[in-house]
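> What shape does this take:
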Amino acid sequence: MSHYSIRQTLAVLLLAAGCLAAGGAGARTLAEIRSLGAISMCANADALPYASNKAETPGFQIELGRAIAEGLGVPLNVEWILPRRRANIVNCDLLFDSINDPAVYEGRMLLSRPYQKSGLALALRRDAPEITDFRQLQKGQKIGVMIRSVASMVLGKAGVTTSPYAFQADMLEDLIKGDLYGAAVSSATIDYYVHSHPDAELRVAYVFDDTKDLGWEVAIGLRKSDAELQAAVNQVLDKLIADGTLTAIYARYGVQHRVP
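Got it, this is the predicted structure:
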């Protein structure tokens, strides 16, 4: 990955989750959705913990999509998209884990209220001391980063010792072996990895939440929609957060629900 701006970097992360904002065909208003009797979402069929086409582990985006559809009183249709250009030719209504910045999507879609803190986190071995901010890292404590990523630039400027990687899997493997002190990875990805690989003896530190370009909030993108659907989706989201449903959905994948 070259020296992307933060907007470009976030787009790459969202593509991996199958959640890119789409142009092209217009989606539907609340009245049209109710008239049609269904609502649709775009997702990646092989992107756990975000989404998958496996019945036993559909991913938190699919489960949240079902809960939103149920709250609106309509069935959910899933449009499986990959690669990115597929998003331009399917007419899905909902795009989960969209960065909560209306300016990014102006004229293309509205956003729901933010429902999760996202961004990068620091994977550490379980025996590593507790830290709350990456600036607490000591000189010589080598941190794995994706090559030429925003994280590599931010950490490098802060004087943190970094080691570049082309593949996240290799980074985590070296962390487990003890060749790295930590690894800067997607928070949802490392949460799920720790959940599904308990023998790896890793833990997660959310040390980038307040760091520009490394921590952000996510919302549901409502493509070519209207204020009525936005308000209806927000009402459902408020209920799912208040009654613990959304927290329980994330927990099934080991992901911590961190309400903005």
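
> In this protein, what helix or strand scores lowest on average pLDDT?
The helix or strand of the chain with the lowest confidence, counting by mean pLDDT, DSSP states H and E, is helix 6-16 at a mean of 39.

> which element follows that helix toward the C-terminus?
Sequence-wise, the next helix or strand downstream of helix 6-16 (DSSP states H and E) is helix 30-36.

> Give me the residues contacting that following helix.
R28, I39, L72, G73, V74, D93, S225, D226, E228, L229, A232 (C-beta atoms under 8 Å, 6 or more residues apart in numbering). Any C-beta I mention is one placed from the backbone N, CA and C, and that applies to glycine too.

> In TSV: those residues, plus distance to P58, secondary structure and neighbour count.
As requested, the contacts of helix 30-36 are arranged in TSV below (distance: C-beta to C-beta, whole Å; DSSP: H, G, I helix; E, B strand; the rest coil; neighbours: other C-beta atoms under 10 Å):
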residue	distance to P58	secondary structure	neighbour count
R28	23	coil	22
I39	16	strand	26
L72	19	helix	19
G73	21	coil	12
V74	18	coil	16
D93	18	coil	31
S225	24	coil	24
D226	28	coil	15
E228	28	helix	13
L229	23	helix	24
A232	23	helix	21
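
> possible to save those as a markdown table with distance to A128?
Output for the contacts of helix 30-36, formatted as a markdown table (distance: C-beta to C-beta, whole Å):
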| residue | distance to A128 |
| --- | --- |
| R28 | 49 |
| I39 | 44 |
| L72 | 44 |
| G73 | 48 |
| V74 | 47 |
| D93 | 43 |
| S225 | 44 |
| D226 | 49 |
| E228 | 49 |
| L229 | 45 |
| A232 | 45 |
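
> Could you report the distance from the residue of the chain positioned farthest from its centre to Y192?
Ranking residues of the chain by C-alpha distance from their mean position (C-alpha atoms, centre = their mean) puts S35 at the top, at 31.0 Å. Note on S35: its distance to Y192, by C-beta to C-beta, to the nearest Å, is 38 Å.
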